[in-house]
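Visitor: Provided below for reference: sequence and predicted model.
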Amino acid sequence: AVQSILHAISKGWSWLGRPSQQLNALWVDWERSSVANFSFRRRRLVLGGQEVTPGSIGWMHARGVPLADQLDTIEREMRAIHAEILVVDSVALACGGNAIDQEVANRFYNALNKLSKTVILIAHTNRAEDDRMPFGSIFWNAGIHGRSWFLKRHSEPDSDEVNVGFYIRKVIDGRRPKDF
């Protein structure tokens, strides 16, 4: 779903009926070890009839280094492709420690706040966890400045359809948007 959102934004297209501004993004990946794996997902968008703009979504392998320790490199990569959006995949690996610890969450968010960019955080949760906050820690919610949306998907076994919902979790300024 995140790649689909980024693809729409890179074109300035609406996504799920929501308008977007045309912006580039950098996907920093703590999970996949090659751009080929990431490109496989992007090719599925092309096969679905959506043209992918070259350079609109950059990819960088994080090599296991915590986000806070490679912020200069991330900023340099974002400048190189004129990216206004950073995708962190996945937060648990990017934070550089025990995700439940306050110090780890604070260090992670302090680094992100230095970027002054829109950030999409992918924080995988399991079915047993309270999905209102990643990792069950209030510190992950407290560190968010601006708006926080939670994406939840559901699919039936052996189905080609996926239902996706967006739920607002936190609003600092302004009115609370409707979930959709």
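Guide: Sure, I can see it.
Visitor: what separates the residue nearest the centre of the chain from D89, distance-wise?
Guide: Residue closest to the mean C-alpha point of the chain, counted by Cα atoms, centre = their mean, is I120 at 2.8 Å. Per Cβ to Cβ, to the nearest Å, I120 is found 9 Å from D89. (Each C-beta comes from the backbone N, C-alpha and C, glycine too.)
Visitor: shared neighbours, these two?
Guide: Listed as contacting both I120 and D89 by Cβ atoms under 8 Å, 6 or more residues apart in numbering are V2.
Visitor: re earlier: verify the stated contact: the residue nearest to the centre of the chain with I9.
Guide: No. Contact between I120 and I9 fails when scored by Cβ atoms under 8 Å: they sit 9.9 Å apart.
Visitor: what sits in contact with each of those two?
Guide: Common neighbours of I120 and I9 (Cβ under 8 Å, 6+ apart) are A25, I85.
Visitor: for A92, which non-adjacent residue is closest in space?
Guide: Among residues not flanking A92 along the chain, A99 sits closest, at 5.0 Å (Cβ to Cβ, 6 or more residues apart in numbering).
Visitor: OK, contacts around S137?
Guide: Applying Cβ under 8 Å, 6+ apart to S137 gives the contacts A99, I100, Q102, A105.
Visitor: pull out the buried members of these.
Guide: Among those, those buried by neighbour count (16 or more other Cβ atoms under 10 Å) are A99, A105.
Visitor: any idea which of the contacts of S137 is closest to G64?
Guide: Distance to G64 across the contacts of S137 (Cβ to Cβ) is lowest for A99, with 15.0 Å.
Visitor: assign the closest one to helix, strand or coil.
Guide: The local conformation at A99, judged by DSSP: H, G, I helix; E, B strand; the rest coil, is coil.
Visitor: pLDDT wise, what is it at?
Guide: Note on A99: pLDDT of 86.
Visitor: contacting residues for the nearest residue to V162 once chain neighbours are set aside?
Guide: Leaving out its chain neighbours, the residue that sits closest to V162 by Cβ to Cβ, 6+ apart is S155, at 4.5 Å. Shown in contact with S155 (Cβ under 8 Å, 6+ apart): E161, V162, N163.
Visitor: circling back: any idea how far the closest residue to the residue nearest to the centre of the chain other than its chain neighbours lies from I100?
Guide: In space, and not counting its chain neighbours, I120 is closest to V87: 4.6 Å by Cβ to Cβ, 6+ apart. Using Cβ to Cβ, V87 is found at 23 Å from I100.
Visitor: helix or strand next in line after the helix-or-strand element of the chain with minimal mean pLDDT, which one?
Guide: Every helix and strand of the chain was ranked by mean pLDDT, DSSP states H and E. The lowest is helix 35-47, at a mean of 64. Proceeding N to C from helix 35-47, the next assigned helix or strand is strand 57-61, under DSSP states H and E.
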